[in-house]
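1. Show me the folded form of this:
(chains A and B)
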Amino acid sequence: MPSVSVEFNWFLPTNGDGRHLTDNTSVAGVRGAAAHREPEPDYLVQVARAAETVGFHAALVPTGAACEDGWLLAAALAQETRRLKFLVAFRPGLELPAYAAQKVATLQAFTEGRLLLNVVTGGDQDQQEAYGDYLQHDERYARTAEFLQAARRVWDGPGQQYDGQYYRIEDGGLRRPLDHVPAVYFGGASAPAEQVAARHADVYLLWGETPAMVRERIERVRRLADEQGRRLRYGIRLHVIARRTEDEAWAEADRLWRELTPQAIERGRAALGASQSVGQARMLGLHAGKNARQVRDLEVAPHLWAGVGLVRGGAGTALVGDYEQVAGRLREYRDLGIDTFILSGYPNLEEAWRVGENVLDRVH
Amino acid sequence: MSIELNWYLPSHGDFHGLTNNQLGSSRGHVRANHPDYLADVARAIEYAGFNAILIPTGPTCHDAWVVSAALSRATTRLKFLVAFRPGFVLPAVAAQTAQSLQRITGGRLLLNVVTGGSSVEQRGYGDFLDHDQRYARTGEFLDIVRRLWSGERFSYEGDYYRLRDARLRRPVDTAPPVYFGGASAAAEGVAARYSDTYLFWGEPPAMVRERIARADALAAGHGRTLRYGYRVHVIARDTEAQAWAEAERLLREVPKADIEQAQRHLARSESAGQARMASLHAGKTLNHVRDLEIYPNLWAGIGLVRGGAGTALVGSHAQVAERIEELHALGLDSFILSGYPNLEEALRVGEEVVPLLKAAPAVPLRAAGGL
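-> Okay, the predicted model is just below:
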């Protein structure tokens, strides 16, 4: 492998945080009335500052019906940090590309160029329709492609036209071209998603699948990008349960897991199983049909634990082990071609410190 | 009712002279809309005792939502009157964004609904509806966001929006008050049903009276009462002569060709409010600065080159205070003021004009706090 510098990012829990798996999930009936730590701005400032201090590159600001608005949180948190970048997740279908492009320009000004974009096309039909978006899964990806094309045109400056199937712009564009066009991170595991990623993304993101599954996807997307004459970077989104000793780490995973009631696990299965997201199906596939009697029954690859995904949509796996073991697994992903990690823990403030201080240096 | 005094945030740049109608491309000395300057102006406006800043919307402006989130960290009490265009974002998303901004700012959000008066500008953003359709869409938009804020869970089948089983996952206690601009018949109908504060550009009292009477009647038809607001520039000085000398300077500095170009551009607008502004100076021969004084201390010179709010209150500090009182007596409770440049003029008006008002401002002023 050519040596690449690895980018470590941390997760900003804008839909709640705490020491329990139920504190950071959007599954109704699993999440309590309130998380132990609600996403109050003053708490999120602490997480962002911790992530910056221990050396993370960017904070991933997620998107969802239970999340705070990522654009606005990034704007506020940028005033409390100096170097940390903001990987703002957003849904292209819910606002016009020219408008989003202008918002990006403002955010670049107010973050001094620290904005990164994470394009989330949306895999849940119910959630999209509740927002007023009735396109079907594959159409949504086609629209995402147009959205990114149109936004790039707006960033190029005045006098822009765009005439697509989903969007039209007549004499639009920023008054001045955007100086720092943000890198576009992109999630989506379906075939249409891979096609759009190959053409329009800079960094292709995967949830924490096993190394074998990751290898297969990187190979496929790399071929698609090659056909476009493009080269992508690859990133992975993982939880981390790292402790001084392996036993302590698995004891912590065991605690998180044993707190889940059978009802919560059943609700998680039902809600997440209804998703159209191919990535979600791949996450569920990791633990489907497993009758876990002990915590390590959900260890789906060495040190990769699928327990988080029992009740949490999206990223559903954690690296569990002592600091060196976790670092070793990160090196393994790096050697597969992953150069971007988006990590998180329960809770995100203390675990940012722990991972930053004990794990990151061991990876390089 | 007490007076609410707000100031304008020049998020397209600030000026020592009149700007032309393409906000932000004025001749003369320009302060760029750099975040540091905008934070300075916001702090000055808060220090001067104003209730809120109006953050405008348009192709030359920063995005007002983002600006208010950032400036909320630089201020403690100042509210944010965020101007936005309903047509660019789905209403359920805007409702969620607004509740998020309420939490980020600690309950300091006010919304200013700008439906958009220029089809050319709207098409640059990708919105191809015509003027009256845009207002009809704004009506549906506000209907939806208000129901979501109230905690309702519902499906919706409108002409412009369709939602299935929509609700806010974490509704806020306090929905942001809705300010609303638009002078056409289509706009008035929507204002009457869905706005809290209906805003006018700085028209003379007779024109304001006529609009308040009409909007009152329309609102009563829906069992509602509205507040009214007034957006006007201010040129206040120690003496009347000094104030008019400043107005004269502003006018003299603008080349005639710029005025003609601006007038041609503004004449193409479909905005009824813009047409009303233009009528204030239309056909007037301009030999002297006060030829554009269309009512005592109300000067239409700004509108020669600036789109939108085109009048200024010009006079001594006491005269300007008197005019504000007079407008307040007509039924205007909310004022959005501005000056050239905004940092210095906000401090001046806060320190020199506001203490002369007999009607108590809604927010205790710093000066009254005994500092």
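2. Excluding residues flanking it in the chain, which one is nearest residue 145?
-> Because you didn't say which chain, this covers chain A. A:V196 (4.7 Å; C-beta to C-beta, 6 or more residues apart in numbering or on different chains). Glycine gets a C-beta too; all of them are placed from N, C-alpha and C.
3. wrong one, chain B
-> B:A95 is the one closest to B:V145 (C-beta to C-beta, 6+ apart), at 4.2 Å.
4. now do B:A186
-> Nearest to B:A186 is B:Y135, by C-beta to C-beta, 6+ apart, at 3.9 Å.
5. so for the helix or strand encompassing the one you found, what's the average pLDDT?
-> B:Y135 belongs to helix B:131-149 when assigned by DSSP states H and E. Helix B:131-149 shows a mean pLDDT of 97.
6. could you say what helices and strands the helix or strand just after that helix packs with?
-> Later in the chain than helix B:131-149, the nearest helix or strand by DSSP H and E is strand B:154-157. Contacts defined by 3 or more C-beta pairs under 8 Å, 6 or more residues apart in numbering or on different chains; DSSP states H and E place strand B:154-157 against strand B:162-166.
7. What pairs with the strand it packs on, parallel or antiparallel?
-> strand B:154-157 (antiparallel) (DSSP bridges).
8. tell me the average confidence for the strand it pairs with?
-> For strand B:154-157, mean pLDDT rounds to 98.
9. and that strand, which residues are buried?
-> B:Y156 (16 or more other C-beta atoms under 10 Å in any protein chain shown).
10. what sits up against that strand?
-> With contacts defined as C-beta atoms under 8 Å, 6 or more residues apart in numbering or on different chains, strand B:154-157 is touched by A:G132, B:I144, B:R147, B:R162, B:L163, B:R164, B:D165, B:A166, B:R167.
11. State the distance from the residue in the stretch 201-350 of chain B that chain A sits nearest to to A:G132.
-> As assessed by C-beta to the nearest C-beta, chain A sits closest to B:R268 within the stretch 201-350 of chain B, at 13.5 Å. Per C-beta to C-beta, to the nearest Å, B:R268 is found 32 Å from A:G132.
12. So which bits of stretch B:285-294 are buried?
-> Buried, per 16+ other C-beta under 10 Å, within stretch B:285-294: B:V289, B:L292, B:E293, B:I294.
13. Name all residues that make contact with the last one.
-> Contacts were defined as C-beta under 8 Å, 6+ apart; by that measure B:I294 touches B:P204, B:L280, B:H281, B:A300, B:T311.
14. for it, helix, strand, or coil?
-> strand (DSSP: H, G, I helix; E, B strand; the rest coil).
15. So the residue nearest to B:V145 is in contact with B:W149, correct?
-> Yes: taking C-beta atoms under 8 Å as the definition, B:A95 is a contact partner of B:W149 at 6.1 Å.
16. list the residues that contact both of those two?
-> B:L168.
17. Quick one: residues contacting the nearest residue to B:A267 once chain neighbours are set aside.
-> Spatial nearest neighbour of B:A267, excluding adjacent residues (C-beta to C-beta, 6+ apart): B:A278 at 7.0 Å. Residues counted as contacts of B:A278 (C-beta under 8 Å, 6+ apart) are B:Q263, B:L266, B:A267, B:G303, B:G310.
18. next one: A:W353
-> A:A50, A:V54.
19. In which helix or strand does it reside?
-> Going by DSSP H and E, A:W353 is part of helix A:348-358.
20. following that helix, which helix or strand shows up next?
-> Next element after helix A:348-358 (DSSP H and E): helix A:360-363.
21. Tell me which other helices or strands that next one touches.
-> Against helix A:360-363 (3+ C-beta pairs under 8 Å, 6+ apart) you get helix A:323-335.
22. What residues of the helix it packs on count as buried?
-> A:Y323, A:Q325, A:V326, A:A327, A:G328, A:R329, A:L330, A:E332, A:Y333, A:R334.
23. gap between the helix or strand hosting B:Q96 and the chain center?
-> Element membership of B:Q96 [criterion: DSSP H and E] is helix B:91-105. Centroid separation for helix B:91-105 versus its chain: 20 Å, with C-alpha atoms, centre = their mean, to the nearest Å.
24. Any buried residues in it, and which?
-> B:91-105.
25. on that earlier part again, is it possible to mark the buried ones in the contacts of B:I294?
-> Buried among the contacts of B:I294 by 16+ other C-beta under 10 Å: B:L280, B:H281, B:A300, B:T311.
26. residue closest to the middle of the chain?
-> Here I'm looking at chain A. Chain A has A:R237 as the residue nearest its centroid, 5.7 Å off, counting by C-alpha atoms, centre = their mean.
27. meant chain B actually
-> Judging by C-alpha atoms, centre = their mean, chain B has its centre closest to B:R231, at 5.3 Å.
28. In chain B, where's the longest strand?
-> strand B:227-237 (DSSP state E).
29. wait, what's in contact with residue 285?
-> Here I'm looking at chain A. Counting by C-beta under 8 Å, 6+ apart, A:G285 has no contacts.
30. that answer is for a different chain, and I need it for chain B
-> Contacts of B:T285 by C-beta under 8 Å, 6+ apart are B:D291.
31. And for A:A151?
-> A:P97, A:A98, A:A100, A:A101, A:V104.
32. With A:G164 instead?
-> Counted by C-beta under 8 Å, 6+ apart, A:G164 has contacts A:E146, A:Q149, A:A150.
33. per-residue confidence at it?
-> A:G164 is given a pLDDT of 98.
34. ok, it to A:G93 distance?
-> In terms of C-beta to C-beta, A:G164 sits 13 Å off from A:G93.
35. What of A:G122?
-> For A:G122 relative to A:G93 (C-beta to C-beta), the value is 7 Å.
36. So which of the buried ones among the contacts of B:I294 belong to helices?
-> B:L280, B:H281 (DSSP state H).
37. Let me know the closest of the buried ones among the contacts of B:I294 to A:H180.
-> Minimum distance to A:H180 across those is 39.5 Å, recorded for B:T311 (C-beta to C-beta).
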